[in-house]
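Colleague: Sharing a model that was predicted from the sequence below.
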Amino acid sequence: MIDDLKKHLAEVENFSTDNLDTVESFRIKYLGKKGLLNQFFAEFKNVSAEDKKEYGQTINELKDKTTKKVNDLKNQLNNKKVLNKKFQDLTRPSEPIEIGARHPISIVKNQIIDIFSRIGFNVSEGPEIEDDWHNFTALNLPEHHPARDMQDTFFIQTNPDILLRTHTSSVQVRYMENNKPPIRTISPGRVYRNEAISARSHCFFHQIEGLYIDKNVSFADLKQTLQFFTNELFGKSKIRLRPSYFPFTEPSAEVDVYWGLESETDYKMTKGTGWLEIMGCGMVDPNVLENCGIDSKIYSGFAFGMGIDRIALLLHQISDIRLLSENDIRFLEQFKSAL
Ligand code: DAH
C-alpha cells in the first residue's frame, strides 16, 4: 500500500507538460472527486495500526505535492499564453502615445532662428531682469533722455537701476561686451512693458534681436539680409524701409513687407495699404559700438529687432494676443501638427 503511494509520489514529482488540458487530466486523476487521493484516503481505515502513521504522512505529502504541481503548471502555462499573444504580431501598430504641441511662439521663434542660422548667425541670450546700463545707457539712452518714455518700463521698486528689460537690444550690448567682431548673432527672448492688456498688446511679449558687426558692413547688406529673411519666412521679398528714429541706430528705419491685398483679411491687417510693419532696424550707432568696447573707426554693423508674437498671430491667424499666454488647452492643441 505504502509502496503504491510512493510510486505515485515519484510520478507526481516527475510530471511535466506544456499542455493545459493534460494538466487538467492530471488534476482530475489525483485530486478529482473520484480521484486517486480520495481512494487512498478511503483505504486509510484498512491500513494496519503500525503503518497508519507513515501512510498518513505519505498521503498528505502526495496531496500537497500534487496540488502545488497543478497550480505551478497552470500559472506557468497561462503566463506563457499571455506572452505569446502579446508578441505574436510584431507588425501590429503600437499603442498611440499622446504627443504634446509646441507653443506657436516657439514654432515661429524656431523658424526665425533656422532662417538666420542658414546665413551664419548664432543664437545668444541675456537675462530678463536687466540693469539700466544694458537696457538703456549703453544703447545711447542716457538718463532723462526723452526716448526712454517710448518704452514704459517696469522698475524694481527698491532699486531704480534694476528693471525688467523692455527690449532684447540689451543682449546686443552684452554680446558686444563679451565677443570680438565679426559678430553675427540673433537673440530671442521675452520682454516686458507697462502697457494696458488688450487683444493687440500685452505687458509681456517676445522679440528677436539681430546684430551684424564686421569691417565695411553697409546699409545694403542690411537690406539684403532682411529681404532674404522675409522671403524665407513669409514667401514675400518686396519690402520697404521707412526712415525712422531709434537712439541706438543711425540711420534708422522701419521695415514693411508688402503683404498684398488679395483677401478681406489682407485689407484688414494692412489697413487697406497692402503693407505690414514687421520690425525696426538701422546701422549701429558708433556711440553704442564704443560703449561696448568696439572701435567704431574700424568696425560698423547693422541691427534689427522684431516682435515674435505679432508674427505668430499673423502666420497662424490668431485673433487675440492674450491667447498666447492663457494656456488654454483647446487653443494649444491646435498646434499639434505644426513643426
Ligand atoms: N529695440 C526696438 C524696440 O523694442 C527694436 C529695434 C529697433 C531693435 C531697431 C534694433 C533696431 O536692433 O536696430 O522697439
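Modeller: Right, received. Where do you want to start?

Colleague: isn't there a strand covering Met279?
Modeller: Yes - per DSSP: H, G, I helix; E, B strand; the rest coil, Met279 lies within a strand segment.

Colleague: burial count for it?
Modeller: 23 (other Cβ atoms under 10 Å). C-beta here means a position set from N, CA and C on the backbone, and glycine is covered the same way.

Colleague: Can you read off the pLDDT for it?
Modeller: At Met279, the pLDDT value in this model is 97.

Colleague: which residues does it contact?
Modeller: 226, 254-255, 304-307 (Cβ atoms under 8 Å, 6 or more residues apart in numbering).

Colleague: wait, which of these is closest to the ligand?
Modeller: The ligand has its nearest neighbour among the contacts of Met279 in Gly305, at 2.5 Å by Cβ to the nearest ligand atom.

Colleague: Can you report phi and psi for the closest residue to the closest one other than its chain neighbours?
Modeller: Excluding the flanking residues, the one nearest Gly305 by Cβ to Cβ, 6 or more residues apart in numbering is Glu209, at 4.8 Å. The phi/psi pair for Glu209 (degrees, to the nearest 10) reads phi -100, psi 140.

Colleague: any idea how far Thr249 is from Glu209?
Modeller: 12 Å (Cβ to Cβ, to the nearest Å).

Colleague: Spit out the residues that contact the two alike.
Modeller: Ala303.

Colleague: The ligand next: which of the contacts of Met279 are close?
Modeller: 304-305 (Cβ under 6 Å from any ligand atom).

Colleague: Out of the contacts of Met279, which end up buried?
Modeller: 226, 254-255, 304-307 (16 or more other Cβ atoms under 10 Å).

Colleague: Show me the domain layout of this structure.
Modeller: For the chain, automatic domain parsing gives the domain ranges 2-87, 104-335.

Colleague: Report the contact partners of the residue in the stretch 151-300 of the chain that the ligand sits nearest to.
Modeller: Going by Cβ to the nearest ligand atom, the ligand is nearest to Gly280 of the stretch 151-300 of the chain, at 2.8 Å. Gly280 sits next to 244, 246, 249, 252-255, 304-306 when contact means Cβ under 8 Å, 6+ apart.

Colleague: Kindly report the same for Phe246.
Modeller: If you count contacts by Cβ under 8 Å, 6+ apart, then Phe246 has 252, 280, 282 around it.

Colleague: Find the nearest non-adjacent residue to it, please.
Modeller: Ser252 (4.3 Å).

Colleague: now swap in Gln172 and tell me
Modeller: Leu211 (4.9 Å).

Colleague: ok, back up a step: buried deepest among the domains of the chain, which one?
Modeller: domain 104-335 (a mean of 17; mean count of other Cβ atoms under 10 Å).

Colleague: How far does that domain sit from its chain's centre?
Modeller: 23 Å (Cα atoms, centre = their mean, to the nearest Å).

Colleague: Give me the distance between the nearest residue in space to Lys238 that is not next to it in sequence and Leu276.
Modeller: Residue nearest to Lys238 in three dimensions, not counting chain neighbours: Tyr258, with 3.8 Å by Cβ to Cβ, 6+ apart. The gap separating Tyr258 from Leu276 is 8 Å, by Cβ to Cβ.

Colleague: Check Leu5 too.
Modeller: 97 Å.

Colleague: cool, Gln76 as well?
Modeller: For Gln76, the distance to Leu276 - Cβ to Cβ - is 72 Å.

Colleague: same check, this time on Thr249
Modeller: For Thr249, the distance to Leu276 - Cβ to Cβ - is 21 Å.

Colleague: what's the answer for Val108, then?
Modeller: Using Cβ to Cβ, one gets 15 Å for the distance from Val108 to Leu276.

Colleague: do Pro146 as well
Modeller: Counting by Cβ to Cβ, the gap from Pro146 to Leu276 is 28 Å.

Colleague: Equivalent analysis for Ile208, please.
Modeller: 17 Å.

Colleague: Spell out which parts of the stretch 51-200 of the chain neighbour the ligand.
Modeller: 167, 169.

Colleague: need the helices for the stretch 51-200 of the chain, in chain order.
Modeller: 52-86, 104-117, 132-135, 169-178 (DSSP state H, counting those that start in this stretch).

Colleague: Ser94: which of those is closest?
Modeller: Distance to Ser94, taken as Cβ to Cβ, is lowest for helix 52-86 among these, at 11.8 Å.

Colleague: is it fair to say Ile318 lies in a helix?
Modeller: No - under three-state DSSP, Ile318 sits outside any helix and is assigned coil.

Colleague: Contact partners for it?
Modeller: Contacts of Ile318 (Cβ under 8 Å, 6+ apart): 104, 312, 324.

Colleague: which among the residues you listed gets closest to Asn178?
Modeller: Ala312 (30.0 Å).

Colleague: Specify the local secondary structure of the closest one.
Modeller: Strictly by three-state DSSP, Ala312 counts as helix.

Colleague: Pull the contacting residues for it.
Modeller: Applying Cβ under 8 Å, 6+ apart, the residues contacting Ala312 are 104-105, 107-108, 318, 324.

Colleague: Swap in 7 Å and give it another go.
Modeller: The contact partners of Ala312, taken as Cβ atoms under 7 Å, 6 or more residues apart in numbering, are 104-105, 108, 318, 324.
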